[in-house]
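A.B. asks: sequence first, predicted model second:
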Amino acid sequence: LLPDKDGYYVLDDDVQMEKALIILKGNHVHLCLNGHTLTAANGSMFFDLRAGAKLTICDCTAKTVDGEYTAGKLTGGTGAIGGAIHARAGSEFYLYDGIFCENTTTGNGGAIYMDAASADYPGAVFCMYGGMLCHNVGGYGGAIRLSAPASADLAGPTFVMEGGWICHNESPNFGGAFHAAGNATITLLGGVIEENTAAQGGGAFSINGITAVELSGTVIRNNAAVTWGGGMYIRSGATLNMTGGEICGNSAKVGAGLLLEGEGTTLNLIDGKITGNKAGAAGGGGLYASSKTVVNMTGGEISGNKTEGYGGGLALYASTGNISGGVITSNTAVRGGGMSLQGSQVLLGETRVSNNQASNSGGGVYIARANTLGSNVTIDGTVISNNNAKEAGGGVFVFMNGNTATMKSGRVIDNAAKNGGGIVVQRIC
C-alpha cells in the first residue's frame with residue numbers, strides 16, 4: 001500500500017493502484033519514485049489531496065542524457081477531475097522529478113486539477129521544480145487546469161514553474177498544456193513548455209479572467225492551436241508581465257505567438273523574445289491584440305515572425321499600444337511587416353522597427369481603420385529603417401480616411417517600396 005501519512009517513502013517496485021490515495025489535512029507525504037512506475041486501474045487517479053495536505057514527488061534515479069529525460073512514472077490515470085491528481089483548496093503539491101504521462105480525464109486537467117480558494121482555505125498550490133508532464137489529455141488543460149473561484153472575492157490557485165518540461169499534451173478545447181479560469185497566480189521562472197496542441201485556442205496556455213502571469217525565464221515553443229493563440233491565449237482581463245523567457249516557433253490561425261483579447265487584458269513586455277512564430281491569414285505573427293486590449297512594450301524583441309495577413313510582428317485591432325522600447329525586426333506579412341495598427345490608439349516611442357517585409361504595403365508600419373473605428377498613432381522617437389514593401393510604403397503606409405498619424409520625432413530611413421519607399425499616405429476614394 002502507498003502511504004497516506006506524514007513521512008518520507010521510497011518505492012522499491014512498480015505499483016498498480018486500484019483507487020486514489022486520499023491524503024488528509026496535516027500530512028505531508030514525500031514520495032521518491034526510485035525509477036519505478038505507478039499505474040492506475042479501474043478509472044482511478046493517483047492522489048486526492050484534501051485541504052491542508054501536502055505531497056512532494058521526486059526521483060533519486062532521474063537523469064538527462066543527450067537531451068532525453070528518464071525517471072519513474074505515473075501513468076494511466078483516468079480521474080474524472082484531474083487524470084492523475086486532484087489538488088483541493090488548501091493543499092500543496094511539489095514536483096522535483098518524475099514523469100506524469102498518458103493520463104486522461106473526461107473532465108479538465110489531463111494530469112492535474114487544482115481547486116480555487118474556498119471560504120475556509122486558500123487556492124491549491126503547485127510548484128514544479130523539475131520533472132515532466134507529457135502526453136496527457138484533458139478537456140480544458142491538456143496537462144493542468146486551474147479552476148475559477150466561486151466568487152470574485154476569492155483567489156484562484158497558484159502555479160510556479162522553475163524547471164522541467166510540459167510537452168506533447170492535448171486539449172480538444174482550450175489550453176493544450178494549461179488552462180486557468182480566473183483569479184489565479186502563475187509564475188514562469190524556467191523550464192520548457194513545448195509541442196502541446198489545442199483544437200481551439202491556447203496551444204500551450206489558455207488564461208481566462210483576472211489572472212496575473214509572470215514570465216521571466218520559461219521557454220514556450222513549438223506549440224499549436226487551430227485558431228487562437230498558438231503559444232498563449234490571454235483574455236477577459238488577465239495580465240501578462242514578460243520580463244524574460246521566450247515565446248517561439250508557435251503556430252495558429254491568429255496570434256501565433258500570443259493572442260490577447262478583451263477589455264482589461266494587458267501585456268507588459270519589458271524583456272524576453274517573441275520570435276519565429278507563424279500565423280495564418282487572420283494575422284498577428286508574433287502577437288495579436290484585439291477588443292480593447294492594452295499592450296505596453298518597453299523592451300524585449302519581436303523578431304522573425306510571419307503571417308499570411310496583417311502584422312508580422314504585432315497586430316493591434318481596436319486596442320491601445322505604448323510601444324516605447326525594444327526591437328521589432330525581420331518580421332513578414334502581407335500588410336504591416338513590422339506592425340499593423342487598425343482602429344487603435346498607439347504611441348510609438350524609442351523603438352526600432354527594422355528589416356521587416358510586406359508583400360503588399362507597410363513594410364515597417366501599416367495604419368488603417370478597424371471597420372469604422374479609426375486609428376490615432378503618434379511617432380515620437382521611433383527609428384523605422386531598412387524595411388521593404390513590394391507595393392507601397394516601405395517604411396510606413398497610412399490610410400487617411402478616419403485615421404490620424406502624427407510624427408513628432410524619429411527617423412524613417414533606408415526603406416524601399418515600388419511606390420513611396422519611406423511613407424505613403426493614401427486617401428480612400
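C.D. replies: Thanks, I have the structure now.

A.B. asks: hey, let's count contacts and neighbours off CA atoms from now on
C.D. replies: Fine.

A.B. asks: what residues are up against Thr185?
C.D. replies: By Cα atoms under 8 Å, 6 or more residues apart in numbering, the residues touching Thr185 are Gly156, Pro157, Thr158, Phe159, Thr211, Ala212, Val213.

A.B. asks: that one bridge partners, please.
C.D. replies: Thr158, Ala212 (DSSP bridges).

A.B. asks: give me the distance between it and Gly156.
C.D. replies: Taking Cα to Cα, to the nearest Å as the measure, Thr185 falls 7 Å from Gly156.

A.B. asks: neighbours of Asp4, how many?
C.D. replies: Neighbour count of Asp4, defined by other Cα atoms under 10 Å: 18.

A.B. asks: the closest residue to it other than its chain neighbours: neighbour count?
C.D. replies: In this structure, Asp4 finds its nearest non-sequential neighbour in Ile23, 5.1 Å apart by Cα to Cα, 6 or more residues apart in numbering. Here the number of neighbours of Ile23 (other Cα under 10 Å) works out to 23.

A.B. asks: per-residue pLDDT, Ile23?
C.D. replies: Per-residue confidence (pLDDT) for Ile23: 97.

A.B. asks: residues contacting it?
C.D. replies: Residues in contact with Ile23, defined by Cα under 8 Å, 6+ apart, are Asp4, Lys5, Val29, Phe47, Asp48, Leu49, Arg50, Ala53, Lys54.

A.B. asks: who's the spatially most central residue of the chain bridged to?
C.D. replies: The structure's the chain has its C-alpha centroid closest to Met232; by Cα atoms, centre = their mean the separation is 2.7 Å. The partner list for Met232 in beta bridges (DSSP bridges) reads Phe205, Leu258.

A.B. asks: was I right about it contacting Ser206?
C.D. replies: Yes. Met232 is within contact range of Ser206, at 6.0 Å (criterion: Cα atoms under 8 Å).

A.B. asks: chain center to the helix or strand where Asp271 lies: distance?
C.D. replies: Assigned by DSSP states H and E, Asp271 belongs to strand 266-275. Averaging C-alpha positions (Cα atoms, centre = their mean, to the nearest Å) puts strand 266-275 11 Å from its chain's average.

A.B. asks: using PDB, write down the CA coordinates of that strand.
C.D. replies: Provided in PDB are the C-alpha atoms of strand 266-275 (Å, rounded to 0.1, in the frame of the first residue of the first chain):
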ATOM      1  CA  THR A 266      -2.800  43.700 -20.700                       C
ATOM      2  CA  LEU A 267       0.600  42.800 -21.900                       C
ATOM      3  CA  ASN A 268       3.700  44.400 -20.300                       C
ATOM      4  CA  LEU A 269       6.700  43.400 -22.500                       C
ATOM      5  CA  ILE A 270       9.800  44.500 -20.600                       C
ATOM      6  CA  ASP A 271      12.300  41.900 -21.800                       C
ATOM      7  CA  GLY A 272      12.400  38.500 -23.500                       C
ATOM      8  CA  LYS A 273      11.700  37.400 -27.000                       C
ATOM      9  CA  ILE A 274       8.700  36.700 -29.200                       C
ATOM     10  CA  THR A 275      10.300  35.100 -32.200                       C
END
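
A.B. asks: packing partners for that strand?
C.D. replies: If contacts are counted by 3 or more Cα pairs under 8 Å, 6 or more residues apart in numbering; DSSP states H and E, strand 266-275 sits against strand 239-248, strand 294-303.
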